[in-house]
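**Student:** here is a sequence with its predicted model. Questions after.
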Amino acid sequence: MSSLSVVIPVGPAETELGELPERLLHIFRYDEKLALQLRHWEIILVCCEASRHLCRHLQDTRGVTVLCAEAGRAKQMNAGAAVASGGFIWFLHLDSDIEALHCQQLSERMMHNSDALHYFPLAFRHDGAGPVLLNQWGANLRSGLLGVPFGDQAFCLSARSFARLGGYSEDASYGEDHLLVWHARQTGLPLCSVGIPLPTSARKYAAHGWLKLTFKYQYLWLKQAWPEWLYLLKLRFLQRN
């Protein structure tokens, strides 16, 4: 059996918590199969000063810890991980649509492959604009073929592995999740797909424009990936020689 800490950052731009915290509470409390797989679980909501009011109604809820940290996804996720008591840490975005099957399958993967960075295949909800199915297909091709999943694919890894990777880079201006994956690969931590698509919101494509945002994301991740890939090649060359 494993223990799991779920870390959910609540950024300054959030206007509501949505259904995710309550849905997780219901799954962890009442799903019988999951109860046999997990000996301990907790949910850690990491708000910032601007989003503190959104989390107040859950601060006295059993199984939920509410923290306030400096704004910034990397800083908030690191703050949550620092107080996590579980053997594994699962980083979730507020707009992820989690069902019991996601939790069950992840728990099984954790037990069978504890030394891995687990992620979910991506599935976009129908709340975006433009051909977001192409983005979904591209994200799953990138993560499966190139080994580069992103943070909205719900990373989960052991607390020990997360500490060994040094956590999320708080100095990066963007792509802290992307950098964590590269650090995992550079240290030899395997990537493992949970196998069940995880729906998430595509509303950012409606808000900012599909073409503009797609090109922006492709440019940024390739720009960030290039030096990390070169460093990985260098490490592999040194290991062979």
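**Tutor:** Done, it's in.
**Student:** contacting residues for the residue nearest to residue 160 when sequence neighbours are not counted?
**Tutor:** Residue nearest to residue 160 in three dimensions, not counting chain neighbours: residue 87, with 7.9 Å by C-beta to C-beta, 6 or more residues apart in numbering. Just so you know, the C-beta spots here come from the backbone N, C-alpha and C atoms, and that holds for glycine as well. Residue 87 makes contact with 2, 3, 4, 158, 159, 160 under the criterion C-beta atoms under 8 Å, 6 or more residues apart in numbering.
**Student:** how confident was the prediction at the first one?
**Tutor:** According to the predicted model, the pLDDT of residue 2 comes to 86.
**Student:** does the residue nearest to it when sequence neighbours are not counted count as helix, strand or coil?
**Tutor:** Setting aside the residues directly before and after it, residue 2 is nearest to residue 110 in space (C-beta to C-beta, 6+ apart), at 5.0 Å. Using DSSP: H, G, I helix; E, B strand; the rest coil, the secondary structure recorded for residue 110 is helix.
**Student:** how many other residues sit next to residue 110?
**Tutor:** 25 (other C-beta atoms under 10 Å).
**Student:** from residue 3, how far off is it?
**Tutor:** 10 Å (C-beta to C-beta, to the nearest Å).
**Student:** now the common contact residues for the two.
**Tutor:** What both residue 110 and residue 3 touch, as defined by C-beta under 8 Å, 6+ apart, is the set residue 88.
**Student:** coming back round to it: my guess is the residue nearest to residue 2 contacts residue 1, does it?
**Tutor:** No. Here residue 110 does not reach residue 1: they are 10.0 Å apart, not a contact under C-beta atoms under 8 Å.
**Student:** all helices for this structure, in order.
**Tutor:** 20-30, 32-37, 52-55, 73-83, 100-112, 132-145, 159-165, 176-186, 203-208, 210-240 (DSSP state H).
**Student:** is it possible to get JSON lines of those that adds distance to residue 61 and mean pLDDT?
**Tutor:** Output for the helices of the chain, formatted as JSON lines (distance: least, C-beta to C-beta, whole Å; pLDDT from 0 to 100):
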{"stretch": "helix 20-30", "distance to residue 61": "7", "mean pLDDT": "96"}
{"stretch": "helix 32-37", "distance to residue 61": "18", "mean pLDDT": "90"}
{"stretch": "helix 52-55", "distance to residue 61": "10", "mean pLDDT": "94"}
{"stretch": "helix 73-83", "distance to residue 61": "16", "mean pLDDT": "97"}
{"stretch": "helix 100-112", "distance to residue 61": "18", "mean pLDDT": "95"}
{"stretch": "helix 132-145", "distance to residue 61": "33", "mean pLDDT": "93"}
{"stretch": "helix 159-165", "distance to residue 61": "23", "mean pLDDT": "97"}
{"stretch": "helix 176-186", "distance to residue 61": "27", "mean pLDDT": "97"}
{"stretch": "helix 203-208", "distance to residue 61": "27", "mean pLDDT": "89"}
{"stretch": "helix 210-240", "distance to residue 61": "35", "mean pLDDT": "92"}
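**Student:** so which of these gets nearest residue 14?
**Tutor:** Closest to residue 14 of these, according to C-beta to C-beta: helix 52-55, at 6.3 Å.
**Student:** neighbours around the residue nearest to residue 204 when sequence neighbours are not counted, how many?
**Tutor:** Closest residue to residue 204 apart from its sequence neighbours, by C-beta to C-beta, 6+ apart: residue 213 at 6.3 Å. By other C-beta under 10 Å, 20 other residues sit near residue 213.
**Student:** and what of residue 39?
**Tutor:** 12.
**Student:** any idea how far the residue nearest to it when sequence neighbours are not counted lies from residue 128?
**Tutor:** In space, and not counting its chain neighbours, residue 39 is closest to residue 1: 4.2 Å by C-beta to C-beta, 6+ apart. Distance from residue 1 to residue 128, counting by C-beta to C-beta: 39 Å.
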